[in-house]
Each structure stands twice: as structure tokens, then as C-alpha cells.
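# Predicted structure and sequence below. I'll ask about it afterward.
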Amino acid sequence: MQWIAPYSFADTLPTYWAWDFIEALYAAGITDGCGGSNFCPDSITTRAQMATFLLRTQQGPTYVPPACTTPTTSRP
């Protein structure tokens, strides 16, 4: 079944357990999804994605993080 607007993401339907939260994040400008009109709710969130979520929540939806100037290695 294909859902029609006002749903923001093709892969996250209103029957999904976190749909309300995902729609709220989208409406607030915190996330645009993973591309191709999808949110990818079952994908792992990276540290970079989470940092962007948190900074956009704090700084506003137009916040763009600066380019990385000092790469670090990630620890498990």
C-alpha cells in the first residue's frame, strides 16, 4: 500500500511505532531523513548524525556544522 501526503517519509508509515516522533523531528527541521524521501528508521545512527541532531535541536534547524579540520579515530 502506498501512503499519500501528509506523510513525510515513504518508508515510515503512520503504523510505525515511532512515526509521531519522526514526524515531529522532521517538522522541527532536525532531520531530512536519509535521502530518496526515506527516513531509514532501521538504520544505525552514526555519531555524526546524532551530533547534528543535537546541535540542530540546540541551535535551530538552519544550523550547519563546520567542516572537520582535525579527524579523529572512533573508539568502540
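Cool, the structure landed.
# contacts, neighbours, all on C-alpha from now
Noted.
# Can you give the contact residues for stretch 51-65?
Identification of contacts with stretch 51-65 by Cα atoms under 8 Å, 6 or more residues apart in numbering yields 28-31.
# which one of the residues you listed has the most neighbours?
Ile30 (21 neighbours; other Cα atoms under 10 Å).
# Would you mind measuring from it to Met50?
Distance from Ile30 to Met50, counting by Cα to Cα, to the nearest Å: 10 Å.
# do the same with Thr57
From Thr57 across to Met50, the span is 10 Å (Cα to Cα).
# For these two, indicate the residue with more neighbours.
Thr57 (16 against 11).
# Please, where are all the helices along this protein?
Assigned by DSSP state H, the chain shows helices spanning 19-27, 47-59.
# What mean pLDDT does the last one get?
By that I understand helix 47-59. Averaging pLDDT along helix 47-59 gives 90.
# Kindly export stretch 35-52 (C-alpha atoms) in PDB.
C-alpha atoms of stretch 35-52 as PDB (Å, rounded to 0.1, in the frame of the first residue of the first chain):
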ATOM      1  CA  GLY A  35      17.500  10.600   1.100                       C
ATOM      2  CA  GLY A  36      15.200   9.500  -1.600                       C
ATOM      3  CA  SER A  37      12.100  10.500   0.500                       C
ATOM      4  CA  ASN A  38      13.100   7.900   3.100                       C
ATOM      5  CA  PHE A  39      13.900   8.100   6.800                       C
ATOM      6  CA  CYS A  40      15.600   4.700   7.100                       C
ATOM      7  CA  PRO A  41      14.200   4.000  10.600                       C
ATOM      8  CA  ASP A  42      16.000   0.700  11.000                       C
ATOM      9  CA  SER A  43      19.500   2.100  10.100                       C
ATOM     10  CA  ILE A  44      22.100   2.700  12.700                       C
ATOM     11  CA  THR A  45      22.500   6.300  13.600                       C
ATOM     12  CA  THR A  46      26.200   7.400  13.400                       C
ATOM     13  CA  ARG A  47      27.900   9.700  15.900                       C
ATOM     14  CA  ALA A  48      28.000  12.400  13.200                       C
ATOM     15  CA  GLN A  49      24.200  12.200  12.600                       C
ATOM     16  CA  MET A  50      23.500  12.200  16.300                       C
ATOM     17  CA  ALA A  51      25.700  15.200  16.800                       C
ATOM     18  CA  THR A  52      23.900  17.000  14.000                       C
END
